[in-house]
Each structure stands twice: as structure tokens, then as C-alpha cells.
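Trainee: The sequence and its predicted three-dimensional model are supplied below.
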Amino acid sequence: MTGAAPVARGYRRALWIVVLLNIGYGVVEAVGGFLAGSQSLKADALDFLGDGLISLVGLIALAWPLVWRARVAFGQGVFLGLLGATVLAATAYRVVVQQQPEADLMGVFGFLALLVNVAAALALMPYRKGGDAAAKAIWLFSRNDALANLAVVIAAGLVAWSGTPWPDLVVAVMIAALFLQSSWSIIRDARADIADAHGGEQLP
């Protein structure tokens, strides 16, 4: 038991880093998405803000019993699923009303987002194994976000090369799919934790 407290303090510090990085850059990237006219940047900005709020809730819930942390994780999964659906709807609209994004701005903000997410993932890396559904959710978000940002940077290059908005729209759909897949994974783990907290009783 003597080694538990330093780990808890370290994890709490890592979560604060993740919260500040995600919310801070989410605001920056939202502005960048509108300036660049990039749907994938806007989707990624929503992801940053969502991750920041989710990490903040996870930070607050650290001292709660397992069943309540699992319920928080379940809510996080539902919230992420709603974000994914929102991004899909906005991207469908952009398919109809196509607008060429500014590839240079898109690439710059995408690359900065990649650096921010790599920093967040590195802060969480020592705590990525084990833990409950809420802890797994936060790690999964940061890891997947770094991959999504890499896709945004590649899409910026393809927009510049092809002269069409389609790479931007395709990446926005990929990010939405990532939201939905992660949402399902988090909800599944949260249900398992809730069942464990109730003595293994399976939820409907």
C-alpha cells in the first residue's frame, strides 16, 4: 500500500496536464478550423474539447467508488458517440456545400494538434495498462487523437496536391468513425465495471 499514493499523485498530475492541453488547444484549433475552412480541423477541435472535459470529469471522479467511476465512463462514451454523430452530420452538409479548405493553415494547426496529443499521450503512458473503464477511456482518447491528427496533416497535403476538399472531408468522416468506435469500447468496458461492482450481474 505504501507505493499507491505516489502513483495516484502522478496520475492526478498527468490528468491535469491532459485537461489543460486538450481544452487549451481545442479552443485554438476551433478558431483555426474556421479560419482554414477545414471540416477535419473543426472535428478535431471538438475532439480536443470533449477529451478535456472527459479528462476533467475523470479527475474529479478519482476518489469515487468503482460503480460511480464506471457510470461516469458510460456517460463519457455516450457523449463521445453524440460528438461522432454531430461530426458526421456536419460533414454530410459540407459534402453538399463544398468549400476548399486552406491547406497551409490546415497543415499547421494539424501538426500543432499532433504535438499536443503526443504530449498528452506521453503523460498518460505510464498509466495506460490496468485501471478501470474511465482510466482506459482517457488513455484511448489521447492515443487515438494523435493518430487522427497525423491523418489531418496528411489530408492537408492531399488537399494542396489535389486542389479538392475531398481529403479533408474523408478525414472528418474517419475522425467521426474513431469517435463512434471509441464510444462503443468505453461503454462496453463501463458496463463490465458496473456489472463487477454489482457482484458480476450482467446488465441488459
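Mentor: On my side now, so go ahead.
Trainee: Show me where the protein has its helices.
Mentor: Along the chain, counting by DSSP state H, helices occupy 4-36, 39-60, 66-96, 103-124, 133-162, 166-197.
Trainee: Look up how far Ala195 lies from the residue minimising distance to the centre of the chain.
Mentor: The geometric centre of the chain, computed from its C-alpha atoms, lies nearest to Phe141 (CA atoms, centre = their mean), at 4.1 Å. Phe141 sits 23 Å away from Ala195 when distances are taken as CB to CB, to the nearest Å. Placement of C-beta: from N, CA and C, glycine included.
Trainee: Then Ala36?
Mentor: In this structure, Ala36 and Ala195 are separated by 45 Å, where distance is defined by CB to CB.
Trainee: And Ala172, by the same measure?
Mentor: Distance check for Ala172 against Ala195: by CB to CB, it reads 35 Å.
Trainee: of those two, who's got more company?
Mentor: Looking at Ala172 and Ala195 with other CB atoms under 10 Å, you find the greater number of neighbours at Ala172, namely 29 against 15.
Trainee: What distance do you get for Leu21 to Ala197?
Mentor: In this structure, Leu21 and Ala197 are separated by 31 Å, where distance is defined by CB to CB.
Trainee: Quick one, grab the pLDDT at the closest residue to the residue nearest to the centre of the chain other than its chain neighbours.
Mentor: In space, not counting the residues next to it along the chain, Phe141 is nearest to Asp51; the distance is 4.6 Å by CB to CB, 6 or more residues apart in numbering. The per-residue pLDDT reported for Asp51 equals 77.
Trainee: can I assume Asp51 is in contact with Leu15?
Mentor: No: with contact taken as CB atoms under 8 Å, Asp51 and Leu15 are classed as non-touching, separated by 11.2 Å.
Trainee: Find residues that contact each of those two.
Mentor: Listed as contacting both Asp51 and Leu15 by CB atoms under 8 Å, 6 or more residues apart in numbering are Ile138.
Trainee: Tell me which of those two has more neighbours.
Mentor: Under the criterion of other CB under 10 Å, the comparison of Asp51 against Leu15 puts Asp51 first, with 28 against 22.
Trainee: Buried ones in stretch 115-126, by neighbour count?
Mentor: Neighbour-count burial for stretch 115-126, counted by 16 or more other CB atoms under 10 Å, picks out Val116, Asn117, Val118, Ala119, Ala120, Ala121, Ala123, Leu124.
Trainee: one step back: quick one, which of Leu21 and Ala197 is more surrounded?
Mentor: Leu21 (21 against 17).
Trainee: now the more buried one: how far from Gln181?
Mentor: When CB to CB is applied, the distance between Leu21 and Gln181 equals 23 Å.
Trainee: To what extent is Trp161 buried, counted in neighbours?
Mentor: Neighbour count of Trp161, defined by other CB under 10 Å: 10.
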